[in-house]
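1. Sequence and computational prediction follow.
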Amino acid sequence: MAQKTRATVVLTQAGVPFTTLHYVYEADSHHIGLHAAAAIGEDASRVLKTLMVSVDGKPACAVVPSDGELSMKRVAAAFGGKSAKMLPPADAERVTGYHVGGISPFGMRKKVPTAMEEAVFTEASVVINAGQRGEMVRLAPEDALRVLGAVRAPLLA
């Protein structure tokens, strides 16, 4: 049975159809998204990672395929900023209210601007963290975009 998280509550309240997926989270995995993709038998390009960034000193969220590398120049441009860098893990946890490895773009403690990699919109469905390590949701990328109030942008290097 799926455990309720802030992320799944937000999706349910928005009327978004989704399914939950579970895998055994490995804390020592260097590439959490790639590990998750392999564990659930999904192509890594459809399993999206939630990366917390700082754009001109303000937190933001980038949602990209787990097999992709973020371009900080493109991230800054997507948010109309001059520079971007990764948010330190402790700051990411404070802003989102989630633990690293379980950060979801849905139901964050503090709402931040969010951008999704434009390439994912060719997929019928994507898989995104559900707000708890080892729990993910499968949904249409357009539904994720709508619920997040996100922008579509090229974010990968």
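-> Structure received. Computed from a predicted model, the values in this text were never measured in an experiment.

2. And the average pLDDT for stretch 88-101 is what?
-> Mean pLDDT, computed over stretch 88-101, is 96.

3. So what touches it?
-> 6, 25, 27, 32, 52, 54, 59, 87, 103-104, 107-110, 112, 129, 131-133 (Cβ atoms under 8 Å, 6 or more residues apart in numbering). For every residue, glycine as well, the C-beta is placed using N, CA and C.

4. Using CSV, write out every CA atom in that stretch.
-> Provided in CSV are the C-alpha atoms of stretch 88-101 (Å, rounded to 0.1, in the frame of the first residue of the first chain):
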residue,chain,number,x,y,z
PRO,A,88,23.9,22.9,-0.6
PRO,A,89,22.1,19.7,0.6
ALA,A,90,21.3,21.2,4.0
ASP,A,91,19.7,24.3,2.3
ALA,A,92,17.8,22.1,-0.1
GLU,A,93,16.4,20.1,2.8
ARG,A,94,15.5,23.3,4.7
VAL,A,95,13.7,24.8,1.7
THR,A,96,11.9,21.7,0.6
GLY,A,97,11.2,19.9,3.9
TYR,A,98,12.4,16.7,2.3
HIS,A,99,15.6,14.7,2.8
VAL,A,100,18.1,14.5,0.0
GLY,A,101,17.4,11.4,-2.0
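
5. which residues are contacting stretch 20-39?
-> With contact meaning Cβ under 8 Å, 6+ apart, stretch 20-39 is reached by 2, 8, 40, 42-44, 46-49, 65-67, 101-102, 127, 129-130, 133-138.

6. sorry, back to before: so of the contacts of stretch 88-101, which ones are in helices?
-> The helices, defined by DSSP state H, take in Arg6, Ile32 from these.

7. Report the buried members of the contacts of stretch 88-101.
-> Buried residues within those, counting neighbours by 16 or more other Cβ atoms under 10 Å: 6, 25, 32, 52, 54, 59, 87, 103-104, 107-108, 112, 129, 131-133.

8. Of all those, the one with the weakest confidence?
-> Minimum pLDDT across the buried ones among the contacts of stretch 88-101 falls on Ile32, with 83.

9. Just give me the residue right at the centre of the chain.
-> Nearest residue to the geometric centre of the chain (Cα atoms, centre = their mean): Thr50, 2.6 Å.

10. If I follow the layout properly, that residue ends up in contact with Ile103?
-> Yes: counting by Cβ atoms under 8 Å, Thr50 touches Ile103, with 4.7 Å between them.
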